[in-house]
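Participant: Take this sequence and fold it.
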Amino acid sequence: MGLKKVVILGSTGSIGISTLKVIERFPDKFKVVGLTAYNNFKLLERQIKKFSPAYVAANAKGVAYLKGNVGGRRIRILNVEEDLEGLVALRSVDIVVIAMRGSAALRPFLSAVRAGKIVAPANKEALVIAGDILMKEAKRHKAMIIPVDSEQSAIFQCLEGRNRSELKKVLLTASGGALLNVPKSRFDRLSVGQILDHPRWKMGKKITVDSATLMNKGFEIIEAKVLFQLSMDQIQVVIHPEAIIHSMAEFKDGSIIAQLSITDMRLPIQYALTYPERLESGLKPTNFFEVGQFNFRKPDLKKFPSLALAIHVGHCGGTLPSVLNAADEIAVDAFLNKRIKFSDIFRIVEKIVCRHKVTTDSTLKKILEADRWARQETEGLIRERL
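Facilitator: Okay, here's the model as predicted:
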C-alpha cells in the first residue's frame, strides 16, 4: 500500500479526532492533505500544526482566525461553506473521510464520488436523504464507498466476498442508548445531560440524542438499505446492550456471520482507510471472559416510536427521508437548547412527516427543496408550541 492522501471533513469532531489518531499511527501509510471544521478553529489550529495539511477550511470567522495564526505556513485557507466540493475533488486526494454531520455533507459527498475517490462516510444524513443518487454516481465514476459507522462497517465486512443472492437478511444491532432501561414515563423528567450520557459510545450531542430516541437506528436502516441494495424487509434491528456484535448477516441456509470487536470507532475507521488490508490497531482485543454474556432484545416500538416512524419513511422513500432528517435535526437542536421536551422531538417530527407530499421521482433539486421545506415547517411548529 502506497502513501494515501486523506481529506477529513469535520476533523474536530469525535470521528475526525479518531481518524487523526489512526493516521498518526501509520505515518508511512497516510498523509493528511486537508482538514476542515466549522467553528472549532483553536483545535483545528493545533491539528494544522501537527499534521501540516496543504488545505484547511473553516467558517468565515475561522478563516480570519486561521489567517492570523497559521497564515505564514504554506497552506491554503478555504471557506467551509463554499469550497468543500472543490477540495474533495482535487487530484492529490485519494480518500475523503466525511466526519461532518448533517445534510451539509451531501454536496461534498457527491463531489467526491463524482471525482472517483474512496469515500469513508461517518455521516449518515447524506446517504439517508440522497443515497440512491450517491450510489448511482459512485458506480458511474468508479468511486468506492467504505462506511465508517460501526454497524455499516460490520455489514460491509460480513458481506465481503459473499454471494449476495444467498443473503437472507441483515441483523442491525443497537446498544439501546441511554434510555433502554428507563421507563417512558420518566423521559421528560431527565435532564439534557442525562440523555447525553450514552452507555457505550462517546459521540456528538445530536447523534447521542438520536441514539436515545432510536431515530439513529432508523436512519441506519435507511442507510443500510441504500449502501447494500437491500429491501426494508431484509433489515432487522436487534437490541444488543453489550455493543460487541456490531451487526450480522444471515444467509439462506440459516448461517449467520457476525462482526465483533470492542466499542472503539478507531477500528472501523482504520478498516476503511486501510481496506483491503488489515493492520495492527494497537487497541486492546475483545475479552469474552470480561464481557461474560451477550443479551438480545426486540426493539420496543411503542416506547421508541421514532424507530417505527423511520421504518415507515424507509418504505415510502422518495423525498420523505430528506424531510425526516431535516425535521429531526431542527427538533433535536431545539431540545438541546431546552426549547422543547424530549418527548416533543417525536411528536414534532411525526407531524412534519405526515404533512409532506412525497415525491417518489426524487432529483437532487427536489430532495433539497424538501429539506428546506421541512426545516421551515419544523421551526414554525416549534415556535407555535412555545
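Participant: now whichever strand or helix holds D371, how far from the centre of its chain.
Facilitator: If you go by DSSP states H and E, D371 is part of helix 364-385. For helix 364-385, the distance from its own C-alpha centre to the chain's C-alpha centre is 21 Å (Cα atoms, centre = their mean, to the nearest Å).
Participant: Just the buried residues of it, please?
Facilitator: Buried residues in helix 364-385, counted by 16 or more other Cβ atoms under 10 Å: I367, L368, A370, D371, W373, A374, R375, E377, T378, E379, L381, I382. C-beta: built from backbone N, CA, C; applies to glycine.
Participant: Specify the local secondary structure of V119.
Facilitator: strand (DSSP: H, G, I helix; E, B strand; the rest coil).
Participant: Which residue is the nearest non-sequential neighbour of I348?
Facilitator: A331 (4.7 Å; Cβ to Cβ, 6 or more residues apart in numbering).
Participant: What confidence value was assigned to K202?
Facilitator: K202 carries a pLDDT score of 69 in this model.
Participant: typo on my end, G72
Facilitator: For G72, the pLDDT comes out at 70.
Participant: now it: how far from E125?
Facilitator: G72 sits 36 Å away from E125, going by Cβ to Cβ, to the nearest Å.
Participant: ditto for V96
Facilitator: 16 Å.
Participant: V238 too?
Facilitator: 23 Å.
Participant: Ok, D253 next?
Facilitator: For D253, the distance to E125 - Cβ to Cβ - is 36 Å.
Participant: so what does the helix or strand harbouring V33 touch, helix or strand wise?
Facilitator: Assigned by DSSP H and E, V33 falls within strand 30-36. Where contact means 3 or more Cβ pairs under 8 Å, 6 or more residues apart in numbering; DSSP states H and E, strand 30-36 is packed against strand 4-9, helix 14-25, helix 41-51, strand 55-58, helix 84-88.
Participant: Could I get these in a markdown table, plus columns for mean neighbour count, distance to D344 and mean pLDDT?
Facilitator: Shown next, in a markdown table, are those (neighbours: other Cβ atoms under 10 Å; distance: least, Cβ to Cβ, whole Å; pLDDT from 0 to 100):
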| stretch | mean neighbour count | distance to D344 | mean pLDDT |
| --- | --- | --- | --- |
| strand 4-9 | 25 | 31 | 98 |
| helix 14-25 | 21 | 26 | 97 |
| helix 41-51 | 17 | 32 | 95 |
| strand 55-58 | 25 | 33 | 96 |
| helix 84-88 | 21 | 33 | 98 |
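Participant: quick one, what contacts A212?
Facilitator: By Cβ atoms under 8 Å, 6 or more residues apart in numbering, the contact list for A212 reads G177, A178, L179, I195, H198, F342.
Participant: And the host helix or strand of it, what's buried?
Facilitator: Assigned by DSSP H and E, A212 belongs to helix 205-213. By neighbour count on 16+ other Cβ under 10 Å, the buried set for helix 205-213 is K206, I207, T208, V209, D210, S211, A212, T213.
Participant: Find me the pLDDT at P199, would you?
Facilitator: 68.
Participant: Compare the contacts of A212 and tell me which is most surrounded.
Facilitator: Among the contacts of A212, G177 has the most neighbours (other Cβ atoms under 10 Å), with 26 neighbours.
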